[in-house]
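[1] Here is a sequence with its predicted model. Questions after.
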Amino acid sequence: MPSNTPPGKPRVLSGITATGKLTIGNYIGALSVWAQEQDKHENYFFIADLHALTVPENIKANDLREHIKQIVALYLACGLDPEKSVLFQQSRVPAHATLGWIFDCVTPIGWLERMTQYKSKSQNATPSAGLFTYPALMAADILLYQATYVPVGDDQRQHIEIARDIAQRFNHLFGEVFRMPEPMIRTSGARIMGLDDPTVKMSKSTAQTRDGHAIALLDPPAKIRKAVMRAVTDSGSEVRPDALSPGVDNLLTLFGALSGIDRDEALRRFEGRRYGELKKEVAEVTIERVTAIQDRYHEIRSDETYLEKTLADGAEKASETAEQTFTEAMRSTGLL
């Protein structure tokens, strides 16, 4: 087993791409869980700015810089502690890009062709080579840190599966370097769906083109209330456990996740009540939680020196861990 395999607490790694605005779905499915469980693990949470370049038509330099600052500030505002978790910017650790290239050379084209993200994104734009090979870079993100677990939504299992496949192929070709990561799936509230279309996952990229699809963590109260009150339900008028549409089920999941009760209790609370009452309470609990996050966010953004120090310290700590694995990979291939 590689020399930097974590000996004590299990090591957890995850990241969010530096595009779009973080949503309440990102908070419920990822950020809140990372914050709640950071004492249990050795944590590495990064901002995936290199992945943001896979669709270059959507990128402007000033916007990308702002997204990076915004995400790290929201990481902190949502409860991530730099003393307990390594928070870093992907591109500040050069080993990510170099190992990504090595994995490009190891990964069969057929594996990349079946990735659903490439299929969906390439339908609306001329796909870049980076969009095609992004799973190799994502595998490098994960495998550099010998992560035990990778917190992901249930719909992202494919990313962990191909990372494991790449690790196994590399280990077979060049010797044992990488450990096999496991997905960490939250069983409740992990997948918040779009308010305008509850059959698709709430997405920060979709939110850029469809008003009312998502609730952004930096949205004002009036916009949040409007989005919730217009959320798609069905042709009925009251909550019925025997006839829950995807839209009503999504609102119940959202309420339960933000109020701290389980989904069954949320269903009992609203059984027989009208959709308007459900939406009103969902809006209120969402505004309360988002306002608290925003207050902390604006406090953090007022100190740019603190933000830069957080990223610089995180890059140094991440590099120290990543370099151990990277050196082993370079030696095993003969590049060192």
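    The structure has been received and is ready for your questions. Numbering: from 1, shown residues only.

[2] CA-only coordinates of stretch 326-336 in CSV, if you can.
    Output in CSV follows, covering the C-alpha atoms of stretch 326-336 (Å, rounded to 0.1, in the frame of the first residue of the first chain):
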residue,chain,number,x,y,z
PHE,A,326,2.8,12.0,-7.3
THR,A,327,6.5,11.1,-6.7
GLU,A,328,5.6,7.4,-6.4
ALA,A,329,3.6,7.6,-9.6
MET,A,330,6.5,9.3,-11.4
ARG,A,331,9.0,6.8,-10.2
SER,A,332,6.8,3.8,-11.1
THR,A,333,6.4,5.1,-14.7
GLY,A,334,10.1,5.9,-15.0
LEU,A,335,9.6,9.6,-15.3
LEU,A,336,11.7,9.9,-12.2
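
[3] wait, Gln294 sits on Leu218?
    Yes - Gln294 is in contact with Leu218 according to CB atoms under 8 Å; the separation is 6.3 Å. The C-beta positions use only the backbone N, C-alpha and C, and glycine is treated the same way.

[4] from the chain's centre, how far out does the strand or helix carrying Gln168 sit?
    Element membership of Gln168 [criterion: DSSP states H and E] is helix 157-174. Using CA atoms, centre = their mean, to the nearest Å, the distance from the centre of helix 157-174 to the centre of the chain it belongs to is 21 Å.

[5] in whatever helix or strand comes next after that helix, what counts as buried?
    Using DSSP H and E, the next helix or strand after helix 157-174 towards the C-terminus is strand 182-184. Within strand 182-184, the residues scored as buried using 16 or more other CB atoms under 10 Å are 183-184.

[6] Note down every partner strand of strand 182-184 and its orientation.
    Paired strands of strand 182-184, with direction, are strand 149-151 (parallel) (DSSP bridges).

[7] Low-confidence ranges, the stretch 1-150 of the chain, go.
    By pLDDT under 70, the low-scoring segments of the stretch 1-150 of the chain are 1-7, 120-125.

[8] Can you show me the strands along it?
    With DSSP state E, counting those that start in this stretch as the definition, the stretch 1-150 of the chain shows strands at residue ranges 11-17, 42-48, 85-89, 149-151.

[9] which residues touch the third one?
    Applying CB atoms under 8 Å, 6 or more residues apart in numbering, the external contacts of strand 85-89 come out as 34, 38, 43-47, 49, 68, 72, 75-76, 80, 310-311, 314-315, 317-318, 321.

[10] returning to that earlier point: JSON lines please, covering the strands of the stretch 1-150 of the chain and showing mean neighbour count and distance to Lys280.
    Formatted as JSON lines, the entries for those read as follows, by neighbours: other CB atoms under 10 Å; distance: least, CB to CB, whole Å:
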{"stretch": "strand 11-17", "mean neighbour count": "22", "distance to Lys280": "30"}
{"stretch": "strand 42-48", "mean neighbour count": "24", "distance to Lys280": "34"}
{"stretch": "strand 85-89", "mean neighbour count": "23", "distance to Lys280": "36"}
{"stretch": "strand 149-151", "mean neighbour count": "21", "distance to Lys280": "32"}
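
[11] now these in TSV, with distance to Val248?
    TSV is the format used below for the strands of the stretch 1-150 of the chain (distance: least, CB to CB, whole Å):
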stretch	distance to Val248
strand 11-17	28
strand 42-48	33
strand 85-89	36
strand 149-151	27
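
[12] For Leu195, which of those strands is the nearest?
    Closest to Leu195 of the strands of the stretch 1-150 of the chain, according to CB to CB: strand 11-17, at 20.2 Å.

[13] next one: stretch 113-133 to chain centre, how far?
    The chain centroid and the centroid of stretch 113-133 are separated by 19 Å under CA atoms, centre = their mean.

[14] when you give positions from now on, start the count at 13
    Renumbered: residue one is now 13, and that last one reads stretch 125-145.

[15] so how far is the first residue of it from its last?
    Looking at stretch 125-145, the gap from its leading to its trailing residue is 9 Å under the measure CA to CA, to the nearest Å.

[16] List the buried residues of that stretch.
    Neighbour-count burial for stretch 125-145 flags 127, 130, 133, 140, 142-145 (criterion: 16+ other CB under 10 Å).
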